[in-house]
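> Provide a 3D model corresponding to the input given below.
(one chain, ligands or ions: 1)
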Amino acid sequence: MGLRLKDLTVHYGSVAAVSDVEMSIEDGEVVALLGPSGCGKSTLLRAVAGLERASSGTVSWDGADLAGVPVHRRGFGLVFQDGQLFPHRDVAGNVAFGLRMHGVDRKHQAERVAELLELVGLPGYGARRTTELSGGEQQRVALARALAPRPKLLLLDEPLSALDRALREQLAMDLAVLLRRAGATALVVTHDHDEAFTLADRVALMRKGKLVQTGTPAEVWRRPADAEVAAFLGCTVIVDGVVADGRATSSLGSVPAPGVVDGPVRLGLRASALRTDPAGQLTGEVLQRVHRSDHVRLLVRLDTGPEVEATAPVTAALTSHTRFTLDPDGIAFIT
Ligand SMILES: Nc1ncnc2c1ncn2[C@@H]1O[C@H](COP(=O)(O)OP(=O)(O)OP(=O)(O)O)[C@@H](O)[C@H]1O
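The predicted model follows:
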């Protein structure tokens, strides 16, 4: 059963920050709410938490309307960007907070705190002051605190965005594992598609207050709802093509397009769609090159016409005129 949003609309004054959103989260499912800054993600999450009032529509849990239920009675756990730990309590005191509120006795509090600190990878940290933790450790403690009372639903608003990039990637992977291990049902707000795809069973894409697409990471990645979603998900160039018998043909050649219906199609190209390959069929002039962490990103003018991004291994000896091959994994199909 889980969470159900029906025609949910939230206004700030006359502006609808969330508009007619229909969405559900099943028990044990992790859903990422993804979209650009200002599209209404946090407002939607806050309405689910009970921190914003719906102008119309409903938020329900297991079929029961939550309209009259205040934040602290919804049984949901909340984690925000900056953790918001209690500075005057140690780590154990923070993690135990919800348990104390629920009248759990000291012995069981201590057991649960130890279990949670183990789960978030901070065993033995109970007596540490929260002010002496790194940003990543603070977010782990915030997560442990939210999970401790076994919330029905965990609401995470940009939980990793205050952290630096390397730590964010590591923590996103850790978070994905520990949400599964805890069997948590969760809604995670993020503007970072890598993070959404790492964390979620399902991704819900928002734009201007509306939900434009929901699907598994693979579905959303390969079959974005429209060109704008494709661009948001990293497709920098879109070329026209046609699908016949499971293959999409365009000015760049032919690639497998399993599951795409025959007829006109637009191919959204990510940088990873085009790779340097001495045996490749495409040729082009390298206009720019930028080193990334584990590859080189190129801007290429193909001899067949379009300017596209491409990737090369860091060790590749590039000439100004280079051969490329198409990698179907880097291509999105928009129908
Ligand atoms: N308290 C408020 N009063 C008035 N307008 C608000 C308020 N909070 C948010 N808004 C507006 O509502 C819209 C949605 O904001 P929201 O914070 O939900 O977006 P978001 O997708 O979470 O953005 P970000 O990723 O930047 O946090 C924005 O246009 C924002 O300016």
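> Over to residue 139. Which of the three states is it?
helix (DSSP: H, G, I helix; E, B strand; the rest coil).
> list the contacts for it?
Under the criterion of CB atoms under 8 Å, 6 or more residues apart in numbering, the contact partners of residue 139 comprise 79, 83, 159-160, 162-163, 171. All C-beta atoms are positioned from the backbone trio N, CA, C, and that covers glycine.
> Can you add distance to the ligand, pLDDT and neighbour count and give those back as TSV?
Compiled in TSV, the contacts of residue 139 are given as follows (distance: CB to the nearest ligand atom, whole Å; pLDDT from 0 to 100; neighbours: other CB atoms under 10 Å):
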residue	distance to the ligand	pLDDT	neighbour count
79	15	92	24
83	16	72	21
159	13	89	29
160	13	88	25
162	12	81	16
163	16	82	19
171	18	86	24
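> could the residues you listed go into CSV alongside distance to residue 204 and secondary structure?
Conversion of the contacts of residue 139 to CSV gives the following (distance: CB to CB, whole Å; DSSP: H, G, I helix; E, B strand; the rest coil):
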residue, distance to residue 204, secondary structure
79, 18, strand
83, 24, coil
159, 17, coil
160, 18, coil
162, 23, coil
163, 23, coil
171, 22, helix
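> just the helices in the chain please.
For the chain, the helices identified by DSSP state H occupy 41-49, 91-95, 97-101, 106-119, 135-147, 165-181, 193-199, 217-222, 227-232, in order along the chain.
> what's the first one in contact with?
This points to helix 41-49. Where contact means CB under 8 Å, 6+ apart, the residues beyond helix 41-49 that reach it are 3, 5, 8, 10, 12, 17-18, 21, 33-35, 52-54, 59, 71, 74, 76, 78, 153, 155, 157-158, 187, 189-191, 206.
> just for the stretch 201-335 of the chain, where's the confidence low?
Counting by pLDDT under 70, the stretch 201-335 of the chain has no low-confidence residues at all.
> which residue does the stretch 101-250 of the chain bring closest to the ligand?
With distances taken as CB to the nearest ligand atom, the stretch 101-250 of the chain approaches the ligand most closely at residue 191, which sits 4.8 Å away.
> Tell me who's in contact with that residue.
Applying CB under 8 Å, 6+ apart, the residues near residue 191 are 34-37, 41, 158, 161.
> Please apply the same query to residue 258.
Each residue near residue 258 by CB under 8 Å, 6+ apart is listed here: residue 246.
> Distance of it relative to the ligand?
As for residue 258, its distance to the ligand is 33 Å (criterion: CB to the nearest ligand atom, to the nearest Å).
> Any residues of the stretch 101-250 of the chain in contact with the ligand? List them.
With CB under 6 Å from any ligand atom as the criterion, the stretch 101-250 of the chain meets the ligand at residues residue 191.
> In ChimeraX, how would I select just the buried ones from the contacts of helix 41-49?
Selecting in ChimeraX just the buried members of the contacts of helix 41-49, where the criterion is 16 or more other CB atoms under 10 Å, is done with this command:
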select :3,5,8,10,17,18,21,33,34,35,52,54,59,74,76,78,153,155,157,158,187,189,190,191,206
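> Among the contacts of helix 41-49, which ones are in strands?
Taking DSSP state E as the definition of strands, the contacts of helix 41-49 contribute 3, 5, 8, 10, 12, 17-18, 21, 33-34, 59, 76, 78, 153, 155, 157, 187, 189-190, 206.
> Now the residue of the stretch 101-250 of the chain closest to the ligand: phi and psi?
Main-chain dihedrals, residue 191, degrees, to the nearest 10: phi -110, psi 0.
> Would you check how far apart the most centrally placed residue in the chain and residue 107 are?
The C-alpha lying nearest the average C-alpha coordinate of the chain belongs to residue 196 (CA atoms, centre = their mean; 1.4 Å). When CB to CB, to the nearest Å is applied, the distance between residue 196 and residue 107 equals 39 Å.
> I'd guessed residue 143 sits against residue 175; true?
Yes: the criterion here is CB atoms under 8 Å, and residue 143 meets it with residue 175 at 7.2 Å.
> Need the overlap of contacts for the two.
Residues touching both residue 143 and residue 175 by CB under 8 Å, 6+ apart: residue 159.
> Quick one: residues in contact with stretch 237-255.
227, 230, 256-258, 260-269, 274, 281-282, 302, 304-309, 326, 328, 331, 333-335.
> With distance to residue 116 as added columns, please give the contacts of residue 139 in TSV.
Rendered in TSV, the data for the contacts of residue 139 read as follows (distance: CB to CB, whole Å):
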residue	distance to residue 116
79	13
83	15
159	16
160	18
162	21
163	20
171	16
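> Could you identify the most distant pair in those?
Taking CB to CB as the measure, the contacts of residue 139 reach their widest spread between 79 and 163, a distance of 12.9 Å.
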